[in-house]
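J.: generate a structure from the sequence data that follows.
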Amino acid sequence: MIRQKRSFGFTLQLGALVTLASFATDMGLPVLDATAASLGVTASRAALTLSIFMAGFALGPLMFGPISDRVGRRPILLGGVAVFTICGALAAFSQSIEALLFWRLLMGIGAGSAQVLVLAVVRDLFTGAEARARQSYVNAAAGIAPIIAPTVGVVVAAAFGGWRSIYAVLAVGGTILFTSAAIVLEETAPMHGHSLTIRGTLANYRRVITHPVSAGYAAVMALGFGCLFAYVSGSSLVLIGVMGTSRRTYGLLFACASLGLMTGSFFNARLAKRGVSHSRVITIGLTVIALATAVLLTLSLTGFLTVAPFVALLVTSNIALGAVRPNAAQGMLEPMPDIVGVASAFLGGFQTMTGAAASAVAASLFDGKTANAMTGTMAICAGSALAVYRLVVYPAEKRMHAENAGATGERPIEDVGATVAA
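T.: As a prediction, the model looks like this:
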């Protein structure tokens with residue numbers, strides 16, 4: 001397992017597990033109208049399949065993350081993939097919107113459980129710069145899904161007979177992932193044997209929420225997710241509805257923005273291997289995101305926002321976000337080595353709910369004429385993330401590192417970019 005966990009195949013397996021949510025949401029986007037017509041409902045009701053999936057995606061980790069600290073990562077992760085696969089197959093045979101929504105909820109729970117446990121597995125196996133590099137590689141491997149999923153959805157629906165075939169393909173993909181994960185993944189949890197009582201679970205969640213470093217990093221991650229989701233939910237409205245780009249061009253521009261996230265993840269992995277401190281990467285990255293979104297908002301408010309600067313600034317912001325995310329995720333988990341399942345569950349649920357809220361705000365305030373709502377939401381989330389990191393996380397992490405260094409008799413390290421001992 002020691003050699004295996006550093007292999008390309010192992011990293012690719014973890015990245016593939018993280019793609020479940022992206023494929024399950026993005027593949028169905030082009031056929032929502034067909035889904036609505038087939039089930040005899042309005043398009044807005046069919047769109048609930050996305051909302052209900054995200055609700056399950058947020059709920060699943062909160063339930064099963066704590067359980068993984070007790071029974072291990074492997075059974076919960078495999079169980080999540082199995083639930084996703086079985087419910088995907090059942091969704092393909094849905095005869096009503098109510099049945100489809102029910103299976104979509106369970107698919108979200110399964111995908112959410114699998115995704116947060118990937119974070120936990122990386123934290124179980126790695127620490128410090130190596131952990132941040134591995135988180136980056138997993139994010140980069142998973143980044144291909146948002147780029148190709150909408151196109152794959154169109155091709156599958158056209159080739160195999162409509163929206164139901166998409167769920168069938170998701171079930172087949174889930175089966176392949178379950179089989180490969182069962183072969184490749186071994187148990188990684190330290191098995192501390194935590195109680196599964198409600199009181200014990202709530203106490204563990206309270207421990208995460210009240211820890212300034214873990215809670216602060218969770219807020220940074222959630223606000224970054226909010227910035228990203230505001231863009232995802234509003235990009236088609238702005239690029240197609242306001243700026244007049246074609247759907248084909250929109251798909252290409254969306255792919256460019258997604259490539260920015262992958263580029264940032266790869267770049268961060270190289271920086272981590274070169275010993276660049278995570279505090280420096282996060283500070284610079286969050287500053288770039290805040291400046292880029294502020295410029296986007298300014299251009300929108302003044303009426304000078306066009307396609308070229310819009311895409312250029314989004315790609316720049318996403319590159320920075322791709323570099324920040326693995327550092328913030330590992331920073332959030334490192335102080336909680338004995339309850340990584342709880343910590344990763346809180347992180348997953350918090351960022352999903354924040355992303356959903358930012359998406360709802362950007363969509364509800366859209367005026368049909370400008371990008372003000374989307375860019376304003378992005379700028380607020382980005383500025384808040386930078387403020388939380390510099391005012392809360394950075395000083396708290398520096399104090400914690402100094403305390404740990406003092407307790408072991410080591411010389412305090414000035415740059416808190418050095419890994420905080422778990």
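
J.: okay, domains of this structure per the record?
T.: Annotated domains of the chain cover 1-190, 203-406 [automatic domain parsing].

J.: lowest-confidence stretch among those domains?
T.: Set side by side, these give their lowest mean pLDDT on domain 1-190, at a mean of 85.

J.: quick one, strands of the protein?
T.: With DSSP state E as the criterion, the chain has no strands.

J.: switch the domains of the chain over to JSON lines; also include mean neighbour count.
T.: Placement of C-beta: from N, CA and C, glycine included. Converted to JSON lines, those look like this (neighbours: other C-beta atoms under 10 Å):
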{"stretch": "domain 1-190", "mean neighbour count": "20"}
{"stretch": "domain 203-406", "mean neighbour count": "20"}
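
J.: export those to CSV and tack on distance to Thr197?
T.: Formatted as CSV, these follow (distance: least, C-beta to C-beta, whole Å):
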stretch, distance to Thr197
domain 1-190, 10
domain 203-406, 9
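
J.: now do the contacts for Val138.
T.: Residues near Val138 by C-beta atoms under 8 Å, 6 or more residues apart in numbering: Thr11, Leu14, Gly15, Val18, Val118, Val122, Pro326.

J.: rerun that using 10 Å as the cut-off
T.: With contact set as C-beta atoms under 10 Å, 6 or more residues apart in numbering, Val138 has these partners: 10-18, 118-119, 121-122, 265, 269, 326, 329.

J.: from these, which ones fall inside helices?
T.: Residues of the contacts of Val138 located in helices (DSSP state H): 10-18, 118-119, 121-122, 265, 269, 326, 329.

J.: my guess is Ser180 contacts Gln13. True?
T.: Yes: counting by C-beta atoms under 10 Å, Gln13 is a contact partner of Ser180 at 6.1 Å.

J.: now the common contact residues for these two.
T.: Between them, Ser180 and Gln13 share no contacting residue under C-beta under 10 Å, 6+ apart.

J.: just the helices in the stretch 1-150 of the chain please.
T.: Ranges of helices within the stretch 1-150 of the chain are 8-18, 20-26, 32-39, 43-46, 48-71, 73-91, 97-125, 128-142, 144-160, based on DSSP state H, counting those that start in this stretch.

J.: again with the stretch 201-350 of the chain
T.: 212-236, 247-273, 278-302, 307-333, 340-364.

J.: the fourth one packs against which elements?
T.: Put plainly, it is helix 307-333. If you count contacts as 3 or more C-beta pairs under 10 Å, 6 or more residues apart in numbering; DSSP states H and E, helix 307-333 packs onto helix 97-125, helix 128-142, helix 212-236, helix 247-273, helix 278-302, helix 340-364, helix 372-388.

J.: Thr188 is nearest to which of these?
T.: With C-beta to C-beta, the closest approach to Thr188 among these belongs to helix 97-125: 3.8 Å.

J.: chain center to the closest one: distance?
T.: In terms of C-alpha atoms, centre = their mean, to the nearest Å, the centre of helix 97-125 is found 12 Å from the chain centre.

J.: report the angle between that helix and helix 73-91.
T.: Angular relation of helix 97-125 and helix 73-91 on a 0 to 180 degree scale: 160 degrees, by axes from the mean of the first three to the mean of the last three C-alpha atoms, to 10 degrees.

J.: Gln38 and Ala157 touch, don't they?
T.: Actually, residue 38 is Ser rather than Gln. No: using C-beta under 10 Å, Ser38 is not in contact with Ala157, being 11.2 Å away.

J.: between the two, what contacts are shared?
T.: Val31, Trp163, Arg164.

J.: OK, contacts around Phe266?
T.: Ser136, Tyr137, Asn139, Ala140, Gly143, Ile319, Gly322, Ala323.

J.: look up phi and psi at Leu185.
T.: phi -90, psi 130 (degrees, to the nearest 10).

J.: can you redo the helices of the stretch 1-150 of the chain as CSV with distance to Val388?
T.: Formatted as CSV, the helices of the stretch 1-150 of the chain follow (distance: least, C-beta to C-beta, whole Å):
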stretch, distance to Val388
helix 8-18, 25
helix 20-26, 25
helix 32-39, 35
helix 43-46, 35
helix 48-71, 20
helix 73-91, 29
helix 97-125, 20
helix 128-142, 19
helix 144-160, 26
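
J.: which one of these lies closest to Ala382?
T.: helix 128-142 (18.6 Å).
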